[in-house]
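Participant: Turn this into a model:
(chains A and B)
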Amino acid sequence: MSTVKDHAELAQVFNNDEKRVDWHDETLWFVRAKRDRASHGIPDWELLRETASQIKHNVLSNMHNYLVQFEDKALANGVKVHWAANAAEHNAIVLSILKEKGIDRMVKSKSMLTEECHLNDFLQDNGVEVIDSDLGERIVQLAKEPPSHIVLPCIHKKKEEIGDIFHEHLGTAAGESDPQILTETARQHLREVFLTRRAALTGVNFAIAETGEFVVCTNEGNADMGAHLADVHIASMGFEKLIPQRKHLSVFLRLLTRSATGQPITTYSSHFKKPRPGQQMHIIIVDNGRSIQLGREDFRNSLKCIRCGACMNTCPVYRRSGGHSYHTAVAGPIGSILAPNLDMKKYSDLPFASTLCGSCSNVCPVKIDIHDQLYKWRQVIVKNGYSTKTKTAMMKGMTLALSSPAIFNFSGKAGRLALKFIPFAVNNGLNPWYKQRDMPAPPEGSFTDWYKKNRKGEKS
Amino acid sequence: MSREIILNAIKQNQPELKPLPADVDFYYEQIDAAEKFKQVLEFIGGKLHTADSLADVKQQLETAFPQAERWITAMPEFAQYATLIQPADPHTLENVDVAIIKGHFGVAENGAVWVTEDLLGARALPFITQHLVILLNKNSIVPLMQQAYQLIGDGDHGYAAFIAGPSKTADIEQSLVIGAHGPRSLTVFLINDLA
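Facilitator: Next up, the predicted model:
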């Protein structure tokens, strides 16, 4: 009924260029390897993860009180606090803040929440120009694409393609693809933006209930350049960004960047508590499905996520299918357990976009049981009737084959004969396993036959 | 109103209260913290120098930035070597070449320096300047973020930050480029007995 492509179909598009897939795969594995080196440099890394996970567990269990405390403190600090039940309300709040000040141009630093809410499109439709200031986000914005990775937004783009985009929009020489020169060009272009925009929107990495302050982490300095030069600073946060006390930052800031890119810390970890004199500071606390996820016992741990992206970098499916194939703001393993909560039908394909190898859970700095949740979502999705027809038919076939030894033996024989004598019957486009793979040579006999022949003597 | 709807939904859906974990003393190597700080700072693209006096700092900076025209400091004690920052629209800082500020302390494990609003003159200064210079007391390096937040305690600052190295990006094919939107360089001076 709908023409929306699912993960497998979108991955197929990505997989058409095999060299690019290899490059994408290797680039992300390089980031994963940096994460390994950084984490191995901390002897009690596992204790750090466990501590972070337990702090987050406490947050989830006391979210109501922490939010009220955070709001109290933020108000006392002179910050305006807004509450948004969903994406539409969040976007409307941003627009009303800008309208009140008569502002129609805004600079924005990285905020996956605003991607989730499709804020840019909404503001543009309402006559407000938004410029993304993170280099990777600016690149995908100029390319009219969403980010493909939460930490590395244009990791899917080659420098030559970025050079073409800059040539078209920012006037660099044709064919220029040196990252140094392209970055310098973006620096000059965005400096003019920072100096002329009266409103800046940033994301929030951590919000501290005890003090009402929030912390924003960047390497480029773009969040600070925007916020410190603007009359109005808007910070958008999902409510799960809360942590109880300031000292808990000493746990999370040690984990975040080591897990994300293998750096010991981001260049800037900025603690915003009060507006500077003459400035307005707003915090928008967003629900957008999070309170529902909080009530799902099997899935609430997904709200512990600190958005480091380690699960994406390590995921064999993400690395070989690209972020855009997940058709949601947060891609990869974590995105695949967050998205079905928002729209189970639309994102019913995502929990299946995994091998369940468990690597995501092993690298997660807050120990979210990501692969277990992917597995559990599959059960929920099938029970709710949202799995694809072919998958349901296959599962029914497997159930039949596995429930009767006679049918099982017959199926095995039939399969081997088919591979041997009529390979085209399986090596065709109707068999998704055959895409990007060759079918194996058929074995001579079944395992049962082999066992009977070779292990007979061992029988007592 | 959405506030009540959200808070009620959360109250209803949040799991049974789990206590916070006990504070943990995390491990750190018993090594020279200043030496470790230097290694990490250089690894993340910063420079570390030592100086005997503020005059010595200025001399070293003159050599490092011969082309620099506009020098701004937020340290009254450095005012004889650079222009002391005045309260003004931060946009007037757009052509600052070198900014010299004081930091509270450094963190050995990640090369970060803690700065608070009162040391900056303007929040924008350490970002808008082309080159940033931070002066630190030599014996102010702590091993981990844990000790850092013990020092920060419940300090009340409208704005504060950890600054670790110069601004940078690797958004284009993971190639590291120093000098994204903030400073193109960060130099930290360790000084004995900095007031």
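
Participant: now the helices for the stretch 101-250 of chain A?
Facilitator: Listed in chain order, the helices found in the stretch 101-250 of chain A under DSSP state H, counting those that start in this stretch are A:112-116, A:119-125, A:135-142, A:159-170, A:179-196, A:222-229, A:249-260.

Participant: Helix, strand, or coil at the closest residue to A:L356 other than its chain neighbours?
Facilitator: Spatially, and ignoring its direct neighbours in sequence, A:L356 is nearest to A:H371 (5.1 Å; Cβ to Cβ, 6 or more residues apart in numbering or on different chains). For glycine as for every other residue, the C-beta is placed from the backbone atoms N, C-alpha and C. Under DSSP: H, G, I helix; E, B strand; the rest coil, the three-state class of A:H371 is helix.

Participant: what's the distance between A:H371 and A:C357?
Facilitator: With distances taken as Cβ to Cβ, to the nearest Å, A:H371 is found 7 Å from A:C357.

Participant: quick one: contacts for A:E176?
Facilitator: Contacts for A:E176 (Cβ atoms under 8 Å, 6 or more residues apart in numbering or on different chains) come out as A:163, A:166-167, A:182.

Participant: Then A:D349?
Facilitator: Applying Cβ under 8 Å, 6+ apart, the residues near A:D349 are A:6-8, A:388.

Participant: so which of the contacts of A:E176 also contact chain B?
Facilitator: A:L182 (Cβ under 8 Å from any Cβ of the partner chain).

Participant: wait, isn't A:I292 in contact with B:I6?
Facilitator: No - under the criterion of Cβ atoms under 8 Å, A:I292 is not in contact with B:I6, lying 11.1 Å apart.

Participant: more crowded one of these two?
Facilitator: More crowded of A:I292 and B:I6, by other Cβ atoms under 10 Å in any protein chain shown: B:I6, with 23 against 15.

Participant: Quick check: phi and psi at A:R307.
Facilitator: When read as degrees, to the nearest 10, the backbone of A:R307 gives phi 60, psi 50.

Participant: Please tell me how far the spatially closest residue to it that is not a sequence neighbour sits from A:A207.
Facilitator: Closest residue to A:R307 apart from its sequence neighbours, by Cβ to Cβ, 6+ apart: A:I150 at 5.5 Å. Going from A:I150 to A:A207 by Cβ to Cβ gives 18 Å.

Participant: shaky segments in chain A?
Facilitator: Applying pLDDT under 70 to chain A flags residues A:1-3, A:425-436, A:456-460.

Participant: Longest helix in chain A, by number of residues?
Facilitator: Taking DSSP state H as the assignment, the helix of chain A that covers the most residues is helix A:18-40.

Participant: Tell me which residue is most central in chain B.
Facilitator: With the centre of chain B defined as its mean C-alpha position, the nearest residue by Cα atoms, centre = their mean is B:I163, 2.8 Å away.

Participant: ok, now chain A?
Facilitator: With distances taken as Cα atoms, centre = their mean, the residue of chain A nearest its centroid is A:V330 (3.1 Å).

Participant: what ranges do the helices span in chain B?
Facilitator: With DSSP H as the criterion, chain B has helices at B:2-13, B:33-43, B:54-64, B:125-128, B:145-152.

Participant: deepest of these, which one?
Facilitator: Of all those, helix B:125-128 carries the top mean neighbour count, a mean of 28, counting by mean count of other Cβ atoms under 10 Å in any protein chain shown.

Participant: what residues does that helix touch?
Facilitator: Contacts for helix B:125-128 (Cβ under 8 Å, 6+ apart): A:221, A:224-225, A:228-229, A:268, B:72, B:74, B:85, B:90, B:93-94, B:96, B:99, B:101, B:115, B:120, B:132, B:161, B:163, B:167, B:181-183.

Participant: Quick check: buried residues in stretch B:176-188?
Facilitator: By 16 or more other Cβ atoms under 10 Å in any protein chain shown, the buried positions in stretch B:176-188 come out as B:177-188.

Participant: coming back round to it: neighbour count: A:I150 and A:A207, which is higher?
Facilitator: Set side by side, A:I150 and A:A207 show more neighbours around A:A207, with 26 against 22, by other Cβ under 10 Å.

Participant: ok, the more buried one - contacts?
Facilitator: By Cβ under 8 Å, 6+ apart, the contact list for A:A207 reads A:70, A:213-215, A:237, A:241-243, A:283.

Participant: which one is it nearest to, not counting chain neighbours?
Facilitator: In space, A:A207 is closest to A:F214, 4.4 Å off (Cβ to Cβ, 6+ apart).

Participant: same thing with A:N62?
Facilitator: A:N62's closest residue in space is B:L17 (Cβ to Cβ, 6+ apart), at 5.9 Å.

Participant: And the one you found, its phi and psi?
Facilitator: Note on B:L17: backbone dihedrals following degrees, to the nearest 10 are phi -60, psi 130.

Participant: and B:N95, how many neighbours?
Facilitator: Look at B:N95: counted by other Cβ under 10 Å, it has 11 neighbours.

Participant: ok, now which ones touch it?
Facilitator: By Cβ under 8 Å, 6+ apart, B:N95 lies in contact with B:69-70.

Participant: buried set for stretch A:266-281?
Facilitator: A:266-276, A:279-281.

Participant: In strands, which of these appear?
Facilitator: Counting by DSSP state E, the buried residues of stretch A:266-281 place A:268-272, A:280-281 in strands.

Participant: so which pair among those residues is furthest apart in space?
Facilitator: Longest distance between any two of those is 23.2 Å, between A:S269 and A:Q280; criterion Cβ to Cβ.

Participant: how is chain A carved up into domains?
Facilitator: A:65-288, A:402-458 (automatic domain parsing).

Participant: Tell me which of these sits most buried.
Facilitator: Using mean count of other Cβ under 10 Å, domain A:65-288 ranks as the most buried of the domains of chain A, with a mean of 21.

Participant: Kindly check the end-to-end length of that domain for me.
Facilitator: By Cα to Cα, to the nearest Å, the extent of domain A:65-288 from end to end equals 19 Å.

Participant: so what's A:N301 closest to, chain neighbours aside?
Facilitator: In space, and not counting its chain neighbours, A:N301 is closest to A:I368: 5.0 Å by Cβ to Cβ, 6+ apart.

Participant: That neighbour and A:K304 touch, don't they?
Facilitator: Yes - using Cβ under 8 Å, A:I368 is in contact with A:K304, at 5.4 Å.

Participant: For B:Q30, grab the count of nearby residues.
Facilitator: Look at B:Q30: counted by other Cβ under 10 Å, it has 6 neighbours.

Participant: how near is it to chain A?
Facilitator: Noted for B:Q30: a distance of 13 Å to chain A, by Cβ to the nearest Cβ, to the nearest Å.
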